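In: sharing a model that was predicted from the sequence below.
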Amino acid sequence: MKHLAALNKYFLSNKWRLILGLLFTAISIVFSIFQPIMVRQIFDLLSHNIDEYRLLSDTSLKGFFRSDFTHVLAFYGISILIFALLSGFFLFLQRQTLIVMSRHIEYDLKNEIYQHYQRLDLNFFKMHRTGDLMSRITEDVSRVRMYVGPAIMYASRTLFLIIIIVYLMLQVNPLLTLYTLSPLPLLALTIYYVNRIIHRKSEKIQAQLSNITSIAQESYSGIRVIKSYIQEDASAQHFEDASEAYKNSSISLAKTDALFQPTMALMIGLSVILTIFIGGIQVIDGNITVGNLAEFVIYVNMLMFPFFSIGMVASMIQRAAASQQRINEFLQIEPVIKDAPGAQAAMLKGEVRLENVSFTYPHTGITALKDFNLHIKPGQKVAIIGRTGSGKSTLAQLLIRMYDPQQGKVLLDQQDIRTIQLGSLRGQISYVPQDVFLFSDTVANNIRFGDPTASLETVQTAARQASVEKDIFGFNEGFETEIGERGVTLSGGQKQRISIARALIKDPNILIFDDCLSAVDARTEKEIIGNLYAYLQHKTAIIITHRIFALFEFDKIIVLDEGKIVEEGTHDDLLSLNGYYAELYTRQQTGEEENVTE
Ligand SMILES: Nc1ncnc2c1ncn2[C@@H]1O[C@H](COP(=O)(O)OP(=O)(O)OP(=O)(O)O)[C@@H](O)[C@H]1O
């Protein structure tokens, strides 16, 4: 329950809705109480006067009484109707305030979680599965909403109703009250347990349903592999097994559900029988009137749902507390990478320096860079080459401060990057990642992601510089073509170049290209490099690659191995070293020649 305290701030910001909601609940209940009172009055009126009326022999007097009775009955009928309408109207207002409040809280909570996710660093996302992040912002928030809306609504209704009705019942006859109410706690307890079973089964069904969805999704995305390996039948069988499990669980839930209504009917029946039996004896003994008995039967019926909802509300609160606990776990995580106190914005010219940097990935313990030193002057072009896993991408991650090194310093323009505001730092470095990610949006908007205010002309220029403009004009709707599931399917090389255009449009002084030309052919690569050359003239550029760009005149080429620099110098320096670079160069030259002669 203590976990739910985190929601109090939302109740506070919605206090008027909450107060009004509770007020409407009370008013609606007061109006609903008139019905049993009036029924009692009708019954008493009739039972007191009916014998005398029947004994009347004077037909005109009888007719007069009859019409009088009819008027009184009509008056009560209309009054009951008016009170029921008023009660219903305030019930409507109650829902309009409390349920609306819960939707506002749900909205705020979702935004709070989402904004918090945005602040958290890469390591957090590596450590938690996407499904887990999603379920906390969707399913857990939904369960919490059941507490801040329906649970509060039912609980307040139940509390007010029980207080008023039990008070009225006690005024009539305490003993009868005791007997009438005795089965109701049992009802609450039964509902609580049945609800828990239903919930457990529903959870299982939900998990099985999402399993079916992911099996289907995976088989659609991997349809080419399934077909080429003739695995259609195996894939169908896999789906059928998952569906079978889902069907069995659903049937089991239906059986439990089927028990629910009869259990309730039994409990209600038991209470009514007890009321009529004990109440009947009390009427015979003259302790209460027939009207009281009728009134009691209505009270019992009115109390059924409140007692039923005690069980329901208890399990709703329990579930909401568990969900809020899961939400709090994430909300309480503070990002490790954040602005240090006193961090300043900086105008970076482009000098990069790493001093004795060692970095180990926190969640795997893999040391990716060891005592690493590097100096790049503003405007220099540097290539980073090395075997897979040698630490090239890690270097890029440290420069944009996705991680902080455990030892040593990363300096930009001679300032430790930890003293530069994170937004200012990342805003002035363009990073083209190895694994391209494009959003389901238009081509133009994907490029504009680097500068949301950019005009179409600027977008086109960036596309031209990234050598992808011609390809884009080839699409049906040019720059307005949708990318993604519902849009065009781009080739790997096209995606990479759009991602480069996105980086160029930012027009920063430092650019890092992380192996982002791996999917283009040699001719396109030459074209891209030719175009980029002019663009990069006065900018610092770090190009991480597996291939040697002989065309590009690098100021420095660095060869990494196991997180250390093993070779460093210009193209000619490295060739004369006769090491990894020279070997790679020879291999690449032979490969290219073979390609030409083929
Ligand atoms: N996010 C991560 N979490 C844990 N370990 C990682 C992570 N990223 C990389 N590593 C590990 O750190 C080491 C260096 O990886 P890095 O990605 O920097 O190499 P790389 O030279 O860029 O390789 P490639 O050329 O294949 O991209 C590798 O052993 C890798 O397994």
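Out: Nice, thanks for sending it over. Everything numeric here is computed off the predicted structure, so don't read it as measured data.

In: which residues touch stretch 407-415?
Out: Stretch 407-415 has contacts (CB atoms under 8 Å, 6 or more residues apart in numbering) with 346, 348-359, 371-372, 378, 398-399, 401, 416-417, 420, 425, 510. In short, each C-beta sits where N, CA and C put it, glycine included.

In: before we move on, what about stretch 177-197?
Out: By CB under 8 Å, 6+ apart, stretch 177-197 touches 166, 169-170, 256, 259-260, 263-264, 267-268, 270-271, 274-275, 278-279, 296, 299-300, 303-304, 307-308, 310-312, 314-315.

In: in helices, which of those residues fall?
Out: 166, 169-170, 256, 259-260, 263-264, 267-268, 270-271, 274-275, 278-279, 296, 299-300, 303-304, 307-308, 310-312, 314-315 (DSSP state H).

In: pull out the buried residues from these.
Out: 169, 260, 264, 267-268, 270-271, 274-275, 278-279, 296, 299-300, 303-304, 307-308, 310-312, 314-315 (16 or more other CB atoms under 10 Å).

In: the ligand contacts on the stretch 51-200 of the chain?
Out: residue 126 (CB under 6 Å from any ligand atom).

In: taking the stretch 51-200 of the chain, what residue is nearest to the ligand?
Out: residue 126 (5.4 Å; CB to the nearest ligand atom).

In: test my guess that that residue contacts residue 363.
Out: Yes. Under the criterion of CB atoms under 8 Å, residue 126 makes contact with residue 363 at 5.9 Å.

In: what sits against the residue in the stretch 201-350 of the chain positioned nearest to the ligand?
Out: The nearest approach of the stretch 201-350 of the chain to the ligand comes at residue 337, 13.7 Å away (CB to the nearest ligand atom). Residues near residue 337 by CB under 8 Å, 6+ apart: 121, 122, 401, 402, 403, 404, 422.

In: quick check on it: phi, psi?
Out: Reported as degrees, to the nearest 10, the phi and psi values for residue 337 are phi -90, psi 110.

In: cool, residue 60 as well?
Out: Dihedral angles (degrees, to the nearest 10) for residue 60: phi -70, psi -40.

In: so how many other residues sit close to it?
Out: 8 (other CB atoms under 10 Å).

In: with adjacent residues omitted, what lies nearest to the most centrally placed residue in the chain?
Out: The centroid of the chain falls nearest to residue 137 when counting by CA atoms, centre = their mean (2.4 Å). Excluding its sequence neighbours, the residue lying closest to residue 137 (CB to CB, 6 or more residues apart in numbering) is residue 113, at 4.9 Å.

In: how many residues are close by the one you found?
Out: Residue 113: 19 neighbours (other CB under 10 Å).

In: just checking, it touches residue 134?
Out: No. If you go by CB under 8 Å, residue 113 and residue 134 don't touch, sitting 10.6 Å apart.

In: low-confidence regions, the protein specifically.
Out: 485-488, 549-551, 591-598 (pLDDT under 70).

In: kindly report the residues of it close to the ligand.
Out: Residues of the chain that fall close to the ligand, judged by CB under 6 Å from any ligand atom: 126, 361, 364, 366, 368, 386, 388-394, 434.

In: the same query, at a cut-off of 8 Å, please.
Out: Contacts of the chain with the ligand, taken as CB under 8 Å from any ligand atom, map to 122-123, 126, 361, 363-364, 366-369, 386-397, 434, 514-515, 544, 546, 560, 563.

In: just to revisit the earlier point, could you pull up the residues touching the residue of the stretch 51-200 of the chain closest to the ligand?
Out: residue 363.

In: check which helix or strand it maps to.
Out: Using DSSP states H and E, residue 126 maps to helix 122-127.

In: quick check: next helix or strand after that helix?
Out: In N-to-C order, the element after helix 122-127 by DSSP H and E is helix 130-137.

In: with just CA atoms, put the helix holding residue 126 into CSV.
Out: Output of helix 122-127 as CSV, limited to C-alpha atoms (Å, rounded to 0.1, in the frame of the first residue of the first chain):
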residue,chain,number,x,y,z
LEU,A,122,21.7,3.7,-22.5
ASN,A,123,22.8,1.3,-19.8
PHE,A,124,19.3,1.3,-18.4
PHE,A,125,17.9,0.3,-21.8
LYS,A,126,20.5,-2.4,-22.2
MET,A,127,19.6,-3.9,-18.8
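
In: so how far is that helix off the chain centroid?
Out: 17 Å (CA atoms, centre = their mean, to the nearest Å).

In: helices or strands next to the helix or strand where residue 34 lies in the packing?
Out: Using DSSP H and E, residue 34 maps to helix 15-55. Packing contacts for helix 15-55, counted by 3 or more CB pairs under 8 Å, 6 or more residues apart in numbering; DSSP states H and E, involve helix 59-119, helix 152-172, helix 290-331.

In: mind giving me the packing neighbours of the longest one?
Out: Meaning helix 59-119. Secondary-structure packing of helix 59-119 (3+ CB pairs under 8 Å, 6+ apart): helix 8-13, helix 15-55, helix 130-137, helix 139-146, helix 152-172, helix 290-331.

In: figure out which of these is closest to residue 430.
Out: Taking CB to CB, helix 130-137 is the member of those nearest to residue 430, at 26.0 Å.

In: residues in contact with that closest one?
Out: Contacts for helix 130-137 (CB under 8 Å, 6+ apart): 110, 113, 114, 117, 125, 210, 323, 326, 327, 330.

In: okay, now the nearest residue to residue 360 once chain neighbours are set aside: neighbour count?
Out: Ranked by CB to CB, 6+ apart and with sequence neighbours excluded, the top spatial neighbour of residue 360 is residue 367, at 4.5 Å. Using other CB under 10 Å, residue 367 has 15 neighbouring residues.

In: residues in contact with residue 367?
Out: Residue 367 neighbours (CB under 8 Å, 6+ apart): 358, 359, 360, 563.

In: try it again at 7 Å.
Out: 358, 360, 563 (CB atoms under 7 Å, 6 or more residues apart in numbering).

In: wait, residue 519 touches residue 494, no?
Out: No. Counting by CB atoms under 7 Å, residue 494 is not a contact partner of residue 519; they are 8.6 Å apart.

In: compare these two (neighbour count), which wins?
Out: For residue 519 and residue 494, the more surrounded residue by other CB under 10 Å is residue 494, and the numbers stand at 23 against 16.

In: how about the secondary structure of residue 244?
Out: helix (DSSP: H, G, I helix; E, B strand; the rest coil).

In: for it, give its distance to residue 211.
Out: For residue 244, the distance to residue 211 equals 12 Å [CB to CB, to the nearest Å].

In: the two - which one has more neighbours?
Out: Using other CB under 10 Å as the criterion, residue 244 and residue 211 rank with residue 211 on top: 14 against 11.

In: my read: that one touches residue 242, true?
Out: Yes. Judged on CB under 7 Å, residue 211 makes contact with residue 242 at a distance of 5.4 Å.

In: ok so, going back, what about the contacts of stretch 407-415, which are in helices?
Out: 398, 399, 425.

In: the last one against residue 399, yeah?
Out: No. Here residue 425 lies out of contact with residue 399, judged by CB under 7 Å, at a distance of 9.1 Å.

In: hang on, the earlier thing: by neighbour count, which of the contacts of residue 337 wins?
Out: Going by other CB under 10 Å, residue 401 tops the contacts of residue 337 with 21 neighbours.

In: distance of that one relative to residue 359?
Out: Where residue 359 is concerned, residue 401 sits at a distance of 12 Å (CB to CB).

In: cool, and residue 295?
Out: Separation of residue 295 from residue 359 (CB to CB) stands at 78 Å.

In: what about residue 568, which SS state?
Out: On the basis of three-state DSSP, residue 568 is classed as strand.
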